[in-house]
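> Dropping a prediction and its sequence here:
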Amino acid sequence: MSDTTKPGIEKLRESLFAALDGLKNKTMDVATAKAMSDVSQTIINSAKVELEFQAQTKRLAPSDFFPLPEALPPPSENGVTKTRHGVLETHGNSKVHRMV
């Protein structure tokens, strides 16, 4: 599968927002946008089934559509760990993730 057709929630969002921009800018006709919307809804329904299966089996399965969350790095000596989105502060058994 080429990179331009790689499945994933982020790619789907990008495509849908591009279609929305195309409709606003009049560079995409309504019929094409409607077809994209219909296909997107089918993809979303398929993903819902995937999530429901995982919930019922209580197993988190790898998926191209929903990437598995990254494990957090171990806390530093002062209890503050930098993450992709901010810092994670560890105080005993409690943790606070501050977004930046």
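Looks like it came in fine.

> and E52, how far is that from S94?
Remark: distance between E52 and S94 (CB to CB, to the nearest Å) = 32 Å. Backbone N, C-alpha and C define where each C-beta goes, glycine included.

> Comparing those two, which residue is more hemmed in?
Using other CB atoms under 10 Å as the criterion, E52 and S94 rank with E52 on top: 10 against 7.

> tell me the mean pLDDT for the strand or helix carrying the more buried one?
If you go by DSSP states H and E, E52 is part of helix 30-57. Averaging pLDDT along helix 30-57 gives 89.

> Which strands or helices does that helix pack on?
helix 9-25 (3 or more CB pairs under 8 Å, 6 or more residues apart in numbering; DSSP states H and E).

> List the buried residues of the helix it packs on.
By neighbour count with 16 or more other CB atoms under 10 Å, helix 9-25 contains the buried residues K11, L12, A19.

> what does stretch 35-55 contact?
Stretch 35-55 is contacted by residues P7, I9, L12, S15, L16, A19, L60, A61, S63, F65, F66 when judged by CB atoms under 8 Å, 6 or more residues apart in numbering.

> tally of neighbours for the residue nearest to the first one when sequence neighbours are not counted?
Meaning P7. Once flanking residues are discounted, P7 sits nearest to D64: 4.8 Å by CB to CB, 6 or more residues apart in numbering. Other residues lying near D64 total 11 when counted by other CB under 10 Å.

> for D64, phi and psi?
Main-chain dihedrals, D64, degrees, to the nearest 10: phi -70, psi -30.
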